[in-house]
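**Student:** Using only what follows, build the 3D model:
(one chain, ligands or ions: 5)
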Amino acid sequence: MSWRSLHSSRRNTVPVLIASLACLGVCSLLSPGSAAAQIKSSEAAFEAQKLASDPALPGPEQPIPFSHALHAGTYKIECLYCHTGTDRSRMAGVPSVQTCMGCHAQFGGDLEGVQTLKKFWDEKKPIEWIQIHRLPEHVKFRHNRHVAAGLDCQTCHGPVQQMHKVHLVPDRVWVNGMPAQKLEMGWCIQCHEAKKASIDCLTCHY
Ligand code: HEC
Ligand code: HEC
Ligand code: HEC
Ligand code: HEC
Ligand code: HEC
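**Tutor:** Ligands and ions are numbered 1, 2, ... in the order given. As a prediction, this is how the structure comes out:
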């Protein structure tokens, strides 16, 4: 199954109710009683959006200038809240429009990026996010096994909670005197050797 079809088939799996409940924690930061906090956070969001669409920053320009620094950094929304598949399946997956709307049906409508989001929602279209990390088809990778082994997302993806635009963080390792970049075979092998995980060819290849 391709990443795109998985992405769209997961569109309806997160009930709005759960989204709204989890939103309470975040939204309480923006409770009506704290007008000052609300103005400040909107400014932060506005700044985040400008940075997220800055072509000079690494990372591709996405259909919506979505900022991890704002969502996972400032508002501390859990990675797994949006990447629901990560601990259960091969794929981490990106959140459905519905997951976003669990919060943004209620607030943020004055922000340009959120208005674009609502357009996708109204037109019932999935957002075609540009994928950044991608292995060739002949390689097996399972997020759940790595998460179960206690590895943080940041071990492999870098400090995503500080990124306005997600990008591939360079990470060069050496295996048997040969250099390997992130996502290359040597990168996987180096950690598997260090952590005593299998380096059998069939562990990673079909
Ligand atoms: C758990 C709640 C929550 C969820 C889920 C959520 N957001 Fe947000 N988002 C926020 C908060 C809080 C702000 C700041 C709003 C403000 O300052 O008025 C924000 C701001 C934004 C902004 C404006 C600032 C910026 O960085 O561009 C955009 C665009 C945005 N969100 C897009 C999304 C998208 C796309 C999704 C789904 C992938 C999503 N949000 C999911 C809470 C959430
Ligand atoms: C509010 C929802 C939300 C939260 C919380 C969130 N993400 Fe994301 N994430 C997204 C969306 C939407 C995309 C696709 C757009 C993009 O690349 O920015 C994405 C993309 C990514 C990608 C790139 C995927 C690819 O294409 O290769 C990584 C890696 C990632 N997130 C890791 C994390 C980590 C680590 C955390 C916690 C620190 C986190 N995310 C928290 C919504 C979220
Ligand atoms: C052991 C390293 C490792 C860890 C730990 C890890 N990832 Fe990944 N991630 C990868 C690799 C490798 C890919 C490319 C997978 C592919 O193409 O099949 C990827 C792809 C992704 C993608 C885009 C493709 C997809 O599977 O949907 C997202 C989103 C993502 N990771 C988020 C996360 C989040 C969130 C966490 C923590 C809960 C996490 N990752 C933990 C290595 C890792
Ligand atoms: C930062 C360390 C780290 C990196 C990088 C890493 N892995 Fe792993 N991987 C592990 C650990 C630890 C396990 C063992 C988990 C267990 O015992 O269940 C594992 C297990 C696996 C498994 C499951 C084995 C099984 O028995 O089902 C596969 C498949 C796998 N890794 C593929 C990859 C691929 C492909 C890459 C590179 C794209 C990679 N890994 C990168 C640490 C890593
Ligand atoms: C821990 C995971 C892992 C193990 C174990 C592993 N590989 Fe790989 N292999 C990868 C990844 C990831 C790629 C794709 C990235 C790249 O080409 O470097 C790859 C690519 C390759 C390629 C290149 C294919 C191409 O398109 O050029 C060959 C050939 C290969 N592996 C053979 C092997 C053999 C033979 C073994 C056993 C001695 C092995 N691999 C063990 C992860 C692994």
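**Student:** Reduced to three states, what does Pro179 come out as?
**Tutor:** strand (DSSP: H, G, I helix; E, B strand; the rest coil).
**Student:** Could you list the low-pLDDT ranges of the protein?
**Tutor:** 1-38, 88-90 (pLDDT under 70).
**Student:** go with 50
**Tutor:** Under the criterion pLDDT under 50, the flagged ranges of the chain are 1-25, 27-33.
**Student:** ranges for the helices of it?
**Tutor:** For the chain, the helices defined by DSSP state H occupy 3-9, 16-27, 35-52, 68, 79-82, 97-104, 112-122, 143-148, 153-157, 185-194, 201-204.
**Student:** Helix or strand next in line after the third one, which one?
**Tutor:** Scanning forward in sequence from helix 35-52 by DSSP states H and E, the next helix or strand is helix 68.
**Student:** returning to that earlier point: would you mind finding the most buried of the helices of the chain?
**Tutor:** Highest mean neighbour count among the helices of the chain (mean count of other C-beta atoms under 10 Å): helix 68, with a mean of 22. C-beta here means a position set from N, CA and C on the backbone, and glycine is covered the same way.
**Student:** before we move on, the earlier item: ok, which of the helices of the chain comes nearest Arg134?
**Tutor:** Across those, Arg134 has its closest neighbour in helix 3-9 (7.6 Å, C-beta to C-beta).
**Student:** can you put the helices of the chain in JSON lines and add distance to ligand 2?
**Tutor:** As requested, the helices of the chain are arranged in JSON lines below (distance: least, C-beta to the nearest ligand atom, whole Å):
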{"stretch": "helix 3-9", "distance to ligand 2": "8"}
{"stretch": "helix 16-27", "distance to ligand 2": "9"}
{"stretch": "helix 35-52", "distance to ligand 2": "8"}
{"stretch": "helix 68", "distance to ligand 2": "6"}
{"stretch": "helix 79-82", "distance to ligand 2": "3"}
{"stretch": "helix 97-104", "distance to ligand 2": "7"}
{"stretch": "helix 112-122", "distance to ligand 2": "10"}
{"stretch": "helix 143-148", "distance to ligand 2": "10"}
{"stretch": "helix 153-157", "distance to ligand 2": "3"}
{"stretch": "helix 185-194", "distance to ligand 2": "15"}
{"stretch": "helix 201-204", "distance to ligand 2": "18"}
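**Student:** could you redo those as CSV and give each row distance to Met91?
**Tutor:** CSV is the format used below for the helices of the chain (distance: least, C-beta to C-beta, whole Å):
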stretch, distance to Met91
helix 3-9, 6
helix 16-27, 20
helix 35-52, 24
helix 68, 18
helix 79-82, 13
helix 97-104, 15
helix 112-122, 21
helix 143-148, 7
helix 153-157, 14
helix 185-194, 17
helix 201-204, 16
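**Student:** Could you list the residues of this structure in contact with ligand 3?
**Tutor:** Within reach of ligand 3 by C-beta under 6 Å from any ligand atom, the chain has these residues: 3, 79-80, 83, 86, 91-94, 131, 133-135, 141, 143, 146-147, 151, 153, 155-157, 183.
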